[in-house]
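Enquirer: Here is a sequence together with a model predicted from it:
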Amino acid sequence: MRSDVVKKGIEKAPSRSLLRATGLNDKELSKPFIGIANSWNDIIPGHLHLNELVEEVRKGIIEAGGRPFTFGVPGICDGIAMGHSGMRYSLASRETISDCVELMIQAHCLDGFVGVTNCDKITPGMLMAAGRMNVPSIILTGGPMEAGVSASGSRLDLQSVFEALGSYAAGKTDEKAVRDIERCACPGEGACAGLFTANSMACVTEALGLSLEGCGTSMANSKKKRALARKTGKAIVKLVKKDIKPRDLVTKASFLNAIKVDMAIGGSTNTALHIPAIAKEFDVDIDLEIFDKISREVPHITSIRPSGPYVMSDFEKAGGVPAIMNRLKDKLSDEGTVNGKTVHQIAEKAKVRNEEVIRPLDRPFHKEGGIAVLYGNLAPNGSVVKQAAVSEKMMRFTGKARVFDSEDGAMVAIKGKKVVPGDVVVIRYEGPMGGPGMPEMLSPTSLIAGMGLSDSVALITDGRFSGATRGPCIGHISPEAFVKGPISAVRNGDKIRIDIPNRKIELLIPQKELRDRLENVKVVDKHPSGMLLKYRKLVSQSSEGAICR
């Protein structure tokens, strides 16, 4: 065992002495040492119950003959961090989380690793660590929140609150109505009830084969989730005893499977950042062109908020990720998983329990997958849009640029009703380096939606969007403004053409004029300090997954 290096032989008496101080006896010293990375805290709703799940994991490990050791990792709630300087720390935390896991597992020579996680950047951070360390690993995602219910009986989630602010800004509703929605939208523990980034990544993790069957959609407050936690503890000891490592299971074909599932469910655009970054840690190359190629081949067959009317509990009742894999079986490679079953074995056994929530391939919600990648003179290295959440009317749009060098400036203009139908809101200097941290922008996109402008106003940015964003919102414009990407040359009044079906995003000025403008760009520097300055020095462009080099 890896852990023998800290517990076997007379020369290891000092480390054994310290381990005995934690309560270990001779019998326990002979067992596999399993690390549990616990991202519990009591500020993220999605993580409130993780200590309970960790206890079940610990019980499973002990029952299977292992010895668990629990340690903490940080977690950020993107919803609470949204709309202010705190959001600059969210994406950067992904790298910190992966580093924290590596530090603890490698320094103590633990034999295996369970990541207990839920929300947006914590899950990809733990997956990155699994690929990098390549010790036996399983990820247990904490599960979705139940949808809220309004006084009138309609279902609500965090997106409802943000869009209510847009209605309020437009004078369509009053403060009492906003507060009523606020009180009902998030009823308890779990990741936000729609297919936003946390739940998208939970589904991706299951599709990759690194969490147990059914884990991705099992609800946070369910007995099923607790049973899965116990089974996860048992499964990790089995993986350790058989010496089955993440790279033994997860191949390039596994990543292609995960992207296919992601396209079929209409996951968050953030998956286009996280999957390439995770793949890099597995020594697998995944780029944006692969996302777009798969999007053209795999239809969108379940329509969960923000793309449609359903919430995660509907998806779970309909069969979850295994049911999606059943639909996609002929398109999926038969790779291994931590279940001890192959992808095809899981897909064949799965059943679709609601033909409307999870539609057959010949009757999809959309003929193409949830995400599209657009290129053009405005985004030579690519940009990303959640096309499943764009109305047919806005799939092609030409508008006039309204340019802002920060999210704050755009928010003031949108609230002040200075953004009007026919505008393309351009928010720049919010990329990985320019932000720094590539902040999500659910606030301006939700204001636009709540004000009733989703079918007449587009928004483009070198930053990124929440998984809850809907409408013609194109993010990850690469290269970003801070490195003098073409978005830095856009001026107020310029015409911008967006053509999602043909994957184009273009600034409608002569190429020579664009070159001349770029030569004279004065870069806006927000002068970060602390870890954000360090992050700026290390981070790559969004088209590469915003990895730290």
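Expert: Cool, the structure landed. What you see is a predicted model, and the numbers here were worked out from it, not measured in a lab. Numbers count the residues shown, from 1 in each chain.

Enquirer: what about the most centrally placed residue in the chain, distance to residue 72?
Expert: Centrality entry for the chain: nearest residue to the mean C-alpha point is residue 197, 3.6 Å, by Cα atoms, centre = their mean. Distance, residue 197 to residue 72, by Cβ to Cβ, to the nearest Å: 22 Å. Bear in mind the C-beta positions are built from the backbone N, C-alpha and C, glycine included.

Enquirer: coming back round to it: which phi and psi does the residue nearest to the centre of the chain have?
Expert: Per-residue torsions, residue 197: phi -60, psi -40 (degrees, to the nearest 10).

Enquirer: Confirm for me that it is in contact with residue 118.
Expert: No: taking contacts as Cβ atoms under 8 Å, residue 197 lies outside contact range of residue 118: 10.8 Å.

Enquirer: what about residue 78, how many neighbours?
Expert: 28 (other Cβ atoms under 10 Å).

Enquirer: Report the mean confidence score over stretch 426-438.
Expert: The pLDDT scores in stretch 426-438 average 97.

Enquirer: could you dump stretch 33-53 to CSV, C-alpha only?
Expert: The C-alpha trace of stretch 33-53 is given here as CSV (Å, rounded to 0.1, in the frame of the first residue of the first chain):
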residue,chain,number,x,y,z
PHE,A,33,-5.8,4.7,4.6
ILE,A,34,-8.6,6.5,2.8
GLY,A,35,-8.7,10.3,2.6
ILE,A,36,-12.1,12.1,2.5
ALA,A,37,-11.9,15.6,1.1
ASN,A,38,-15.0,17.3,2.7
SER,A,39,-16.0,20.6,1.3
TRP,A,40,-18.7,21.1,4.0
ASN,A,41,-19.3,24.6,5.2
ASP,A,42,-22.5,26.3,6.5
ILE,A,43,-22.6,29.2,4.1
ILE,A,44,-23.2,27.2,0.9
PRO,A,45,-26.7,25.7,0.8
GLY,A,46,-25.4,22.9,-1.4
HIS,A,47,-23.0,21.8,1.3
LEU,A,48,-25.0,22.1,4.5
HIS,A,49,-25.6,18.3,4.6
LEU,A,50,-22.2,17.1,3.5
ASN,A,51,-21.0,16.2,7.1
GLU,A,52,-23.9,13.7,7.2
LEU,A,53,-22.8,12.2,3.9
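
Enquirer: Run the chain-centre distance for that stretch.
Expert: Centre-to-centre, stretch 33-53 and its host chain are 18 Å apart (Cα atoms, centre = their mean, to the nearest Å).

Enquirer: now stretch 298-317
Expert: On Cα atoms, centre = their mean, the centre of stretch 298-317 falls 16 Å from the chain's centre.

Enquirer: Likewise for stretch 58-67?
Expert: With Cα atoms, centre = their mean, you get 30 Å for stretch 58-67.

Enquirer: List the buried residues of that stretch.
Expert: Neighbour counts using 16 or more other Cβ atoms under 10 Å place 58, 60, 61, 62, 64, 66, 67 of stretch 58-67 among the buried residues.

Enquirer: Please identify which pair of these lies farthest apart.
Expert: 60 and 67 (12.4 Å; Cβ to Cβ).
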